[in-house]
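Q: kindly return the folded structure for what I paste below:
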Amino acid sequence: MIRLLHIIAISVLIASAGYAYSIKYDTLFYAEQVAKLKSQVQREREAIAVLQAEWQYLDRPDRLQEAADKHLDLHALKIQQLARLSDLPNRPSREDEIGRKLEALGLLGPTATPKDKTSDVRTPTTQTPKR
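A: Prediction:
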């Protein structure tokens, strides 16, 4: 009986040691993965910073003005090109397009809703009591 308990205890000890080592190596593996991801995130942040610097360089007003002058053939604004607010046409009225389509189909008329004859519900009224 004691031999059996010793064998079971030794087996449990070996199994727990194996489990502890597997957890240790899993933890080391995941720690390496985290370190790799952190370095990748840092590289991506650096790349974003470089791209932002390039965008700021390309978005300089003097460079854009030079490119616009070279490629767009823009002319100076003349006073005749300006308009007053009163010169603009009025906004067209908003129409109910769905309602117009339903009316054209003849579906806009009143509907006959069937009444529930089994219920004994009264319709509320708004009459004032007489004195």
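Q: what stretches of this structure score poorly on pLDDT?
A: 109-131 (pLDDT under 70).
Q: which parts of it are helices?
A: Across the chain, reading from the start of the chain, the helices by DSSP state H fall at 2-58, 61-71, 97-105.
Q: which residues are in contact with the last one?
A: Same thing as helix 97-105. Around helix 97-105, the neighbours that count as contacts under Cβ atoms under 8 Å, 6 or more residues apart in numbering are Leu108. Glycine gets a C-beta too; all of them are placed from N, C-alpha and C.
Q: how far off centre is it?
A: Distance, stretch centre to chain centre, for helix 97-105: 35 Å (Cα atoms, centre = their mean, to the nearest Å).
Q: got it, and the first one?
A: For helix 2-58, the distance from its own C-alpha centre to the chain's C-alpha centre is 32 Å (Cα atoms, centre = their mean).
Q: start the count at 43 instead of 1 going forward.
A: That works, and once the first residue is 43, the last one we named lands at helix 44-100.
Q: if we can go back for a sec, what's the closest of the helices of the chain to Ser128?
A: Closest approach to Ser128 among the helices of the chain (Cβ to Cβ): helix 139-147, 29.7 Å.
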